[in-house]
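A.B. asks: just need the structure, nothing else, for what follows:
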Amino acid sequence: MSFFKKIFSKAKKETLDKGLEKTNTAFFSKLSKAVAGKSRVDEDVLDNLEEVLISSDVGVETTLKVIDRIEERVARDKYLGTEELNGILREEISGLLAETNVGDETEFSIPADKKPYVLMVVGVNGVGKTTTIGKLASQFKKAGHKVVLGAADTFRAAAIDQLQVWADRVGVPIVRQDMGSDPASVAYDTLQSGLTQNADVIIIDTAGRLHNKVNLMNELTKIKRVMQKVIGDAPHDVMLVLDGSTGQNAFEQAKQFTRATEVTSLAVTKLDGTAKGGVVIGISDQFQIPVKYIGVGEGIDDLQVFNKVEFVDSFFK
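C.D. replies: Here you go, the predicted model:
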């Protein structure tokens, strides 16, 4: 356990443990019922385990992958006791997360060779997209980076105003236009402003509408194309924000957005209010997109860099 303490501060680890407490409690309550009265991992236990994982929002495809891997171990080792199941599950889920989430970051950082680093944020309304942007701006500023925000969700006046509130709260500049303005124009102005101000990080908010995928695709493509007129390789990251508390609905949103645009990272919010933390495992595995940040509380510092080692440790605490 000393290894965990070295890479994550005690306060962060406690916040993560608390944020995943409902997930942990619900998962192990189901798991203990799945193995009740059994001393070895057999077909019945695996069937029950399948139900446990699916009902924990790990997702069908990822669940079947985990079950297959455990079946292979049972066949190889001939005998596996149910008391070993917790450790085996931990190993297999760690392995799955390691396939997509290669880094073990603990701090909010940006690539040294990208200045300004341009982050475009996508996601439907209500998932905590604007809040995530505000918390990210706060963390990047604390890390000593100069941050500029762009309010390119011009579809709703409330979205612009909400981002303004965050900009004021964190103390970072924001580029905004009136509701109904061309989002690409706002993005263009934001990048120009970021260059002028010698910004380290530029975060662009975009509209969260899924009712017409073609319109969404066209809008996001246009925003990217216009940004590249200012900074040739922008955006450097397209981050999809998902509400972890919606479980399977988050999978559907990920499916829609990955079809509409190239998503390069994920932020999963609201994990503290739900027992659906398994969604992080399933979405990361199914879409092969790294999870960059997770929200484990309402406080401004409760957005954490996703660290797969720490996450699994708290999940299986």
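A.B. asks: excluding chain neighbours, what is closest to L96?
C.D. replies: For L96, the nearest residue in space outside its immediate sequence neighbours is D285; the separation is 5.0 Å by CB to CB, 6 or more residues apart in numbering. Where you see a C-beta, it was placed from the backbone N, CA and C, and this is true even at glycine.
A.B. asks: confirm that neighbour sits in a strand?
C.D. replies: No: assessed with DSSP: H, G, I helix; E, B strand; the rest coil, D285 is helix; it does not lie in a strand.
A.B. asks: which residues does it contact?
C.D. replies: Contact partners of D285, counting by CB atoms under 8 Å, 6 or more residues apart in numbering, are G59, E61, T62, K65, L96, L97, E99, T100.
A.B. asks: repeat that for 10 Å
C.D. replies: Taking CB atoms under 10 Å, 6 or more residues apart in numbering, we find D285 in contact with 58-59, 61-63, 65-66, 93, 96-97, 99-101.
A.B. asks: neighbour-wise, which one of those leads?
C.D. replies: Note: the member of these with the most neighbours is V58, at 28 neighbours, neighbours being other CB atoms under 10 Å.
A.B. asks: thought it was touching E92?
C.D. replies: No: under the contact definition of CB atoms under 10 Å, V58 does not touch E92, with a separation of 11.1 Å.
A.B. asks: any common contacting residues for these two?
C.D. replies: Taking CB under 10 Å, 6+ apart as the contact criterion, the residues that touch both V58 and E92 are K65, V66.
A.B. asks: quick one: A275 and A26 touch, right?
C.D. replies: Yes: A275 is in contact with A26 according to CB under 10 Å; the separation is 3.6 Å.
A.B. asks: re the thing from before, quick one: the residue nearest to L96 from G278, how far?
C.D. replies: Separation of D285 from G278 (CB to CB, to the nearest Å): 11 Å.
A.B. asks: show me whatever sits in contact with both of the two.
C.D. replies: V58, G59, T62, T63, I93.
A.B. asks: outline the domain layout of the protein.
C.D. replies: Residue ranges for each domain of the chain read 2-100, 117-306, as given by automatic domain parsing.
A.B. asks: tell me which of those sits most buried.
C.D. replies: Neighbour counts (mean count of other CB atoms under 10 Å) averaged over each of the domains of the chain peak at domain 117-306, with a mean of 20.
A.B. asks: V263: which of the contacts of D285 is nearest?
C.D. replies: The shortest approach to V263 among those belongs to T100, at 12.4 Å (CB to CB).
A.B. asks: which is the next helix or strand following the longest helix seen in the chain?
C.D. replies: Longest helix of the chain, by residue count under DSSP state H: helix 60-77. Helices and strands here follow DSSP states H and E; after helix 60-77, the next one along the chain is helix 85-100.
A.B. asks: neighbouring strands - and their directions - for the following helix or strand past that following helix?
C.D. replies: For helix 85-100, the following helix or strand on the C-terminal side (DSSP H and E) is strand 117-122. For strand 117-122, the paired strands and their directions (DSSP bridges) are strand 201-206 (parallel), strand 237-243 (parallel).
A.B. asks: picking that back up, now, the most widely separated pair of the shared contacts of D285 and G278?
C.D. replies: The most widely separated members of those, counting by CB to CB, are G59 and I93 (12.3 Å).
A.B. asks: about what we covered before: take the contacts of D285 and lay them out in JSON lines including pLDDT.
C.D. replies: Compiled in JSON lines, the contacts of D285 are given as follows (pLDDT from 0 to 100):
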{"residue": "V58", "pLDDT": "94"}
{"residue": "G59", "pLDDT": "93"}
{"residue": "E61", "pLDDT": "95"}
{"residue": "T62", "pLDDT": "95"}
{"residue": "T63", "pLDDT": "96"}
{"residue": "K65", "pLDDT": "95"}
{"residue": "V66", "pLDDT": "94"}
{"residue": "I93", "pLDDT": "92"}
{"residue": "L96", "pLDDT": "91"}
{"residue": "L97", "pLDDT": "92"}
{"residue": "E99", "pLDDT": "90"}
{"residue": "T100", "pLDDT": "88"}
{"residue": "N101", "pLDDT": "80"}
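A.B. asks: can I get these in a markdown table including distance to Y117?
C.D. replies: Below are the contacts of D285 laid out as a markdown table (distance: CB to CB, whole Å):
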| residue | distance to Y117 |
| --- | --- |
| V58 | 32 |
| G59 | 31 |
| E61 | 33 |
| T62 | 31 |
| T63 | 36 |
| K65 | 33 |
| V66 | 35 |
| I93 | 31 |
| L96 | 28 |
| L97 | 24 |
| E99 | 25 |
| T100 | 21 |
| N101 | 19 |
